[in-house]
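> Curious how this folds, go ahead:
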Amino acid sequence: EIYRSCRSRSPPSPPSPTSPDIPIAMPRRPIVGGNWKCNPEKVEKLPELIANINACDTSKCDVYVCPSNLHIGIVFKEFTNGAKVAPQNCNFKGCGAFTGEMACEQMKDMGIEWVLIGHSERRGEFGLPTPAESPQLLATKLKYILDQGMKCIFAIGEPLPIREKGIDAVLEECIKQLVDIKDMLDPDKVVIAYEPVWSIGTGVTASPEQAQETHAGIRKWISANTSPECAEKIRIQYGGSANAKNAPDLSNCPDVDGFLVGGASLKPEFAEIVKTISDIKGC
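Below is the predicted model of the structure:
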C-alpha cells in the first residue's frame with residue numbers, strides 16, 4: 001500500500017492559526033509525486049528518468065510517478081523501490097469504443113493502483129480551444145476510480161487573477177473544485193494536490209506562508225464539510241515549481257504533506273526532495 005499509517009508517533013506539530021479546531025492525532029506520512037507530463041521526447045531518455053525515481057528512499061515517504069501515456073507500458077515494471085505508477089488521466093466509462101481514453105480496468109490489470117486527475121492542464125490551462133474538465137466531470141471520474149478500487153491524486157488550484165484577490169478568493173476557488181467530491185474524500189484513497197496555477201512551470205513558487213495558509217484553509221473546510229477526522233488524516237500536497245531548493249521551507253509547513261513535482265521530477269534532484277521531506281516529516 002502506498003498509504004501506511006506511521007508506526008511511531010512523533011511530537012505533533014501545533015495546529016495552524018487558521019485551523020484551530022482540527023486535532024493532530026497522528027503525523028501524516030508524506031507523499032511525493034513526479035509528473036513527467038508529456039516528457040521525455042525520446043524513449044532513450046527513459047532509463048535516466050527511471051533511475052531518478054529508483055534513487056529515492058521510500059522508507060519514510062510514499063513516492064509515485066506519472067509517466068506520459070505513451071510510456072506507461074514501457075516503465076510500469078521498472079520501479080524497484082516501491083514507487084507507484086499513476087497515469088495522468090482516465091475516463092469514466094471503462095473499456096469500449098472510447099478513442100484516445102484510458103480505463104481503470106486496464107490500469108488494474110497492469111497492477112497500477114493510482115491515477116492523477118484534475119491537473120490544471122486538464123482543467124483549462126492546456127492552452128488549446130478544447131472544453132475544460134469541469135468539477136462535475138472530475139467528480140464523476142473520481143467516483144468511477146473509487147468504485148474500481150483504485151486510489152486518486154486529485155489536483156486543485158487557482159490562476160493568478162484569483163490569487164491577486166487574496167486568500168478568501170483562493171479558498172473560494174479551491175472549494176468550488178472540492179464541493180462535488182466532499183463525500184468521497186477518503187484519506188486512505190484520495191490525496192489532494194494543491195497547485196497554484198500561476199506557479200506551475202514558471203519558476204515562481206508560492207511562499208511557505210501562502211502555501212501553509214491555503215493548505216490550512218482547505219483542511220479547515222474539509223473539517224467543517226466532511227469531518228474533522230478526514231481533515232486530520234487527508235494528505236495535501238503542494239505543487240507548483242517545487243524543487244530541492246524550496247522543499248525544506250515548504251516541508252516545515254504543518255499542513256503541507258508532500259509535493260507534486262513537475263520539471264524537477266525529470267532531474268536527479270527529485271530524490272533530494274523526497275529525502276528533505278522524509279527527514280523533516282517522514283514516518
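
> Cys230: helix or strand, and which one exactly?
In the assignment (DSSP states H and E), Cys230 maps to helix 228-233.

> ditto for Ile153
Residue-wise, Ile153 maps onto strand 151-156 under DSSP H and E.

> quick one: strands adjacent to that strand?
strand 114-117 (parallel), strand 190-194 (parallel) (DSSP bridges).

> Would you pull up how far the last one lies from the middle of the chain?
Meaning strand 190-194. Taking Cα atoms, centre = their mean, to the nearest Å, the mean C-alpha location of strand 190-194 is offset from the chain mean by 5 Å.

> Now that strand: average pLDDT?
On average, the pLDDT along strand 190-194 is 98.

> helix or strand right after that strand?
By DSSP H and E, the next helix or strand past strand 190-194 is helix 208-225.

> which strands and helices sit next to that following helix?
With contacts defined as 3 or more Cβ pairs under 8 Å, 6 or more residues apart in numbering; DSSP states H and E, the packing partners of helix 208-225 are helix 167-178, strand 190-194, helix 228-233, strand 236-239, helix 247-251. Every C-beta, even on glycine, is put in place using the N, C-alpha and C of the backbone.

> With distance to Ile31 as added columns, please give these in a markdown table.
Shown next, in a markdown table, are the helices and strands packed on helix 208-225 (distance: least, Cβ to Cβ, whole Å):
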| stretch | distance to Ile31 |
| --- | --- |
| helix 167-178 | 18 |
| strand 190-194 | 6 |
| helix 228-233 | 13 |
| strand 236-239 | 6 |
| helix 247-251 | 12 |
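
> picking that back up, and Gly94, which of the strands paired with strand 151-156 is closest to it?
In terms of Cβ to Cβ, the element of the strands paired with strand 151-156 nearest to Gly94 is strand 114-117, at 13.3 Å.

> Val65 against Phe79, yeah?
Yes: with contacts counted by Cβ atoms under 8 Å, Val65 reaches Phe79, the gap being 7.1 Å.

> returning to that earlier point: in JSON lines, list the helices and strands packed on helix 208-225 along with distance to His215 and mean neighbour count.
What follows is the helices and strands packed on helix 208-225, written out as JSON lines (distance: least, Cβ to Cβ, whole Å; neighbours: other Cβ atoms under 10 Å):
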{"stretch": "helix 167-178", "distance to His215": "10", "mean neighbour count": "17"}
{"stretch": "strand 190-194", "distance to His215": "6", "mean neighbour count": "25"}
{"stretch": "helix 228-233", "distance to His215": "11", "mean neighbour count": "18"}
{"stretch": "strand 236-239", "distance to His215": "5", "mean neighbour count": "26"}
{"stretch": "helix 247-251", "distance to His215": "10", "mean neighbour count": "21"}
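
> Quick one, which of the ones you listed gets closest to Met107.
Comparing the helices and strands packed on helix 208-225 by Cβ to Cβ, strand 190-194 comes nearest, at 16.2 Å.

> coming back round to it: with neighbour numbers in mind, choose between Val65 and Phe79.
Val65 (27 against 18; other Cβ atoms under 10 Å).

> quick one, phi/psi of the more buried one?
phi -140, psi 140 (degrees, to the nearest 10).

> pLDDT weak spots in the stretch 101-250 of the chain?
Within the stretch 101-250 of the chain, the stretches with pLDDT under 70 are 126, 128.

> show me the contacts for the nearest residue to Glu173 once chain neighbours are set aside.
Closest residue to Glu173 apart from its sequence neighbours, by Cβ to Cβ, 6 or more residues apart in numbering: Glu158 at 4.3 Å. Under the criterion of Cβ atoms under 8 Å, 6 or more residues apart in numbering, the neighbours of Glu158 are 169-170, 173-174, 196-198.

> Please tell me how far Glu158 sits from Ala247.
Distance, Glu158 to Ala247, using Cβ to Cβ, to the nearest Å: 22 Å.

> likewise Tyr144?
33 Å.

> Check Ala97 too.
Taking Cβ to Cβ, one finds Ala97 at 44 Å from Ala247.

> next one: Gly94
Remark: distance between Gly94 and Ala247 (Cβ to Cβ) = 38 Å.

> and if you look at Ser265?
According to Cβ to Cβ, Ser265 stands 12 Å off from Ala247.

> And Glu121, by the same measure?
22 Å.
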